[in-house]
Structure formats: C-alpha cells, structure tokens
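**Q** the following block contains a protein sequence and its predicted model.
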Amino acid sequence: MPAGAAVVVGVAFSVLLMAVAFGVQAKVNALVSHPALPIPVDVVPVRLIREILLWLTIVVTGAMLLQTAISTFTMGSALMHSRRDEIAIRRQSGVLRSTLLLEFARAMLGPCLLGGAVGEVVGITVGFLLRTWTVLPVRFTAVSTLSAFPVTVLLALTATLIPAWHSAGASPALLRKE
C-alpha cells in the first residue's frame with residue numbers, strides 16, 4: 001500500500017496545481033478583457049504572466065511526478081529485495097520472467113488505482129476548500145482533473161516494475177546468494 005500513498009500525493013498535488021494555474025489564467029484573461037480596466041492593456045505583461053504560469057505548472061507537476069516515481073521505485077526495490085528467495089525458487093522451478101512481471105503488475109495495480117482515485121478526490125476537495133477560504137481562483141477543467149490520474153498511475157506502475165524486471169531476470173543462483 002505504500003506505493004498507493006505515493007500515488008495519492010502525486011495525483012492530489014498535480015490536480016490541485018493545475019486547477020490553481022487554470023484559475024489564475026482565467027482571472028488574468030478576465031482582467032485583461034475587462035472594459036473598465038484602469039490601466040492600458042499594453043502595460044500589463046499578459047504574455048509573461050501566461051508563460052510563468054505554464055512553466056510553473058510544468059515544473060511543479062513534473063517534480064510531483066518525479067517524487068511519485070522515485071517513491072514507488074524505492075518501495076518496489078525494497079519489496080523485490082525482501083522477496084528475492086521466493087523469486088529465486090520460482091525461477092528455478094521454471095516460472096517465466098514475464099509471468100513474474102504480470103503477477104507483480106497485478107499486485108501493484110490495485111494500490112496504484114486506489115491511490116490515484118483517492119488523490120483525485122483529495123486534490124479536488126482541497127481545491128474547493130482553497131477556492132472557498134482563500135482568494136485563489138481555482139478552476140477545474142478536463143485537463144486538470146483527468147490528466148494527472150492516468151499519467152501518475154502509469155508512472156508508478158512502471159517505476160515499480162523496473163525493480164521487478166531486474167529481480168525476475170537475475171540468475172536464481174545469484175538471488176539465493178545475496
């Protein structure tokens with residue numbers, strides 16, 4: 001379940017950050033297009049503000065995805081290390097590497113999907129709370145609510161299966177000696 005917790009954090013922060021960025025973008029667009037704007041539109045660096053928002057969203061979301069990948073990779077490595085005797089015995093008995101990988105993928109899919117779903121709920125809930133209690137203009141769009149879930153879950157599954165791939169491919173004799 002620790003991999004699921006990493007996915008919760010990754011999805012929740014990604015959803016929340018994108019919703020805030022889209023909300024600020026909408027607020028900037030509304031202010032610039034407002035006819036009663038007290039200063040000339042040319043004075044407001046709208047293009048710069050939009051570019052800053054875009055890069056801020058990309059960098060922070062990327063950092064959250066990286067954190068999720070590192071966390072799940074570390075947990076997957078620890079899991080594979082703790083199960084090395086089992087892997088060695090199963091490999092000696094003729095179980096294919098692909099079979100072991102499918103079993104590990106199946107075992108990790110549930111926690112990753114559950115973590116992603118919980119992360120969506122947490123991110124949206126915190127977004128609504130921020131919109132209610134602060135001045136942040138949180139705006140949920142299809143991109144902000146739907147993109148973090150599949151990307152984070154696939155990344156977490158991949159990061160978990162990398163150690164499984166290495167463990168399942170190692171020589172059974174070497175696994176038993178470690």
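**A** Sure thing, it's come through. Numbering: from 1, shown residues only.
**Q** and the residue most central in space within the chain, what does it touch?
**A** Nearest to the mean C-alpha position of the chain, counting by CA atoms, centre = their mean, stands Thr152 at 3.2 Å. Applying CB atoms under 8 Å, 6 or more residues apart in numbering to Thr152 gives the contacts 7, 10-11, 14, 65, 68, 116, 119. For every residue, glycine as well, the C-beta is placed using N, CA and C.
**Q** out of these, flag the one nearest to Gly169.
**A** Of all the contacts of Thr152, Gly169 sits closest to Thr68, with 24.5 Å by CB to CB.
**Q** now do that closest one against Leu114, distance only.
**A** Distance of Thr68 to Leu114, given as CB to CB, to the nearest Å: 14 Å.
**Q** which of these two has more residues huddled nearby?
**A** Using other CB atoms under 10 Å as the criterion, Thr68 and Leu114 rank with Thr68 on top: 30 against 15.
**Q** please, which helix or strand holds the nearest residue to the more buried one once chain neighbours are set aside?
**A** Distances taken as CB to CB, 6 or more residues apart in numbering put Gly10 closest to Thr68, at 3.3 Å, once the chain neighbours are dropped. Counting by DSSP states H and E, the element that carries Gly10 is helix 2-33.
**Q** which other residues reach stretch 122-132?
**A** Against stretch 122-132 from outside (CB under 8 Å, 6+ apart): 8, 11-16, 19-20, 23, 136-138, 140, 145, 148.
**Q** among these, who's most crowded?
**A** Neighbour max across the contacts of stretch 122-132 (other CB under 10 Å) = Val11, 31 neighbours.
**Q** may I have the predicted confidence score for Ala88?
**A** In this model, Ala88 is scored at 78, pLDDT.
**Q** now Met18, nearest residue through space, not along the chain?
**A** Nearest residue to Met18, sequence neighbours excluded (CB to CB, 6+ apart): Ser144, at 3.7 Å.
**Q** check contacts around that neighbour.
**A** Taking CB under 8 Å, 6+ apart as the criterion, Ser144 is in contact with 15, 18-19, 21-22.
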